[in-house]
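Participant: Kindly generate the corresponding structure for this input.
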Amino acid sequence: MELYVPQETYLSAGVHIGTRLKNGSMKQYIYRAREDGLHVIDLKKLDERLHMAVNLLSRYDPKDVAIIGSKDNAKRAIELFCEITGCAPMAGRFAPGRLTNPSRKDFAEPSLVLVVDPGIDKQAVREAFTANVPVIAFCDTNNGTKYIDLVIPTNNKGRKAIALLFWVVAREVLRQKGALASDEEYAYKPEDFEA
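Facilitator: Next up is the predicted model:
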């Protein structure tokens, strides 16, 4: 399977740089540990998981897909991704009960959820699980994978890494849905997704 972007592009965005901490459930996605203690994520496994996520996202009506991330450096990426794909953005602080309390004004019932960091957005992950909604998550080496249906192993802390991933997924979802020809020039650049 061909990588969505050249290996150098992934490397320059730092998607492979994990943390010094390693959660046991992320062990299978770690290529090696560097001398400075940082774990390096396997790019082939990252790309393989991106392919799976794109296939899954393409099967859903975009308005039924919630993109959740409370990190400041993910806000711009989430908003632009949702603008391009038609998904529902939930950037910023996730209010408890948003997916489980129908009496809330901002109550949502997505059919699929993509979470930027399951460690920070654990409330959203838990609520999606309670509501029986599948969860795709960008998981760093220190993240647990409980309640996550599809792990995308990646650096979920760096703004360039987050921007590149959302850029790739948006482009490939558009291609899968036929809204963008495979040889057609994509109007956006990864930098457009940066905070």
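Participant: show me the contacts for the most centrally placed residue in the chain.
Facilitator: Nearest to the mean C-alpha position of the chain, by CA atoms, centre = their mean, lies F138 at 4.3 Å. Counting by CB atoms under 8 Å, 6 or more residues apart in numbering, F138 touches 115-117, 152, 154, 156, 162, 165. Just so you know, the C-beta spots here come from the backbone N, C-alpha and C atoms, and that holds for glycine as well.
Participant: Could you rerun that using 7 Å?
Facilitator: Contacts for F138 (CB atoms under 7 Å, 6 or more residues apart in numbering) come out as 116-117, 152, 154, 156, 165.
Participant: what's in contact with the lowest-mean-pLDDT helix or strand in the chain?
Facilitator: Counting by mean pLDDT, DSSP states H and E, the chain has its least confident helix or strand at strand 30-33, which shows a mean of 84. For strand 30-33, the external contacting residues (CB under 7 Å, 6+ apart) are 18, 22, 39-42, 141.
Participant: Which ones among the residues you listed lie within strands?
Facilitator: 39-41 (DSSP state E).
Participant: Mind giving me the PyMOL select for those residues, buried ones only?
Facilitator: Buried members of the ones in strands among the contacts of strand 30-33, defined by 16 or more other CB atoms under 10 Å, are picked up in PyMOL with:
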select buried, resi 39+41
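Participant: my read: I41 touches G14, true?
Facilitator: No - the pair I41 and G14 does not pass the contact test of CB atoms under 7 Å, sitting 10.0 Å apart.
Participant: Tell me the buried residues in the longest helix seen in the chain?
Facilitator: Ranked by residue count under DSSP state H, the longest helix found in the chain is helix 159-176. The neighbour-count check on helix 159-176 (16+ other CB under 10 Å) flags 159-175 as buried.
Participant: what helices or strands is that helix leaning on?
Facilitator: If you count contacts as 3 or more CB pairs under 7 Å, 6 or more residues apart in numbering; DSSP states H and E, helix 159-176 packs onto helix 7-13, helix 43-58, helix 72-85.
Participant: pull the CA atoms of the longest one into CSV?
Facilitator: Extracted as CSV, the C-alpha positions of helix 43-58 are listed here (Å, rounded to 0.1, in the frame of the first residue of the first chain):
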residue,chain,number,x,y,z
LEU,A,43,5.0,5.3,10.0
LYS,A,44,3.7,2.3,8.1
LYS,A,45,1.2,1.5,10.9
LEU,A,46,0.2,5.2,11.1
ASP,A,47,-0.5,5.3,7.4
GLU,A,48,-2.3,1.9,7.4
ARG,A,49,-4.5,3.2,10.2
LEU,A,50,-5.2,6.4,8.3
HIS,A,51,-6.4,4.3,5.3
MET,A,52,-8.8,2.5,7.7
ALA,A,53,-10.1,5.8,9.1
VAL,A,54,-10.6,7.3,5.7
ASN,A,55,-12.6,4.2,4.6
LEU,A,56,-14.7,4.3,7.7
LEU,A,57,-15.3,8.1,7.6
SER,A,58,-16.3,7.8,3.9
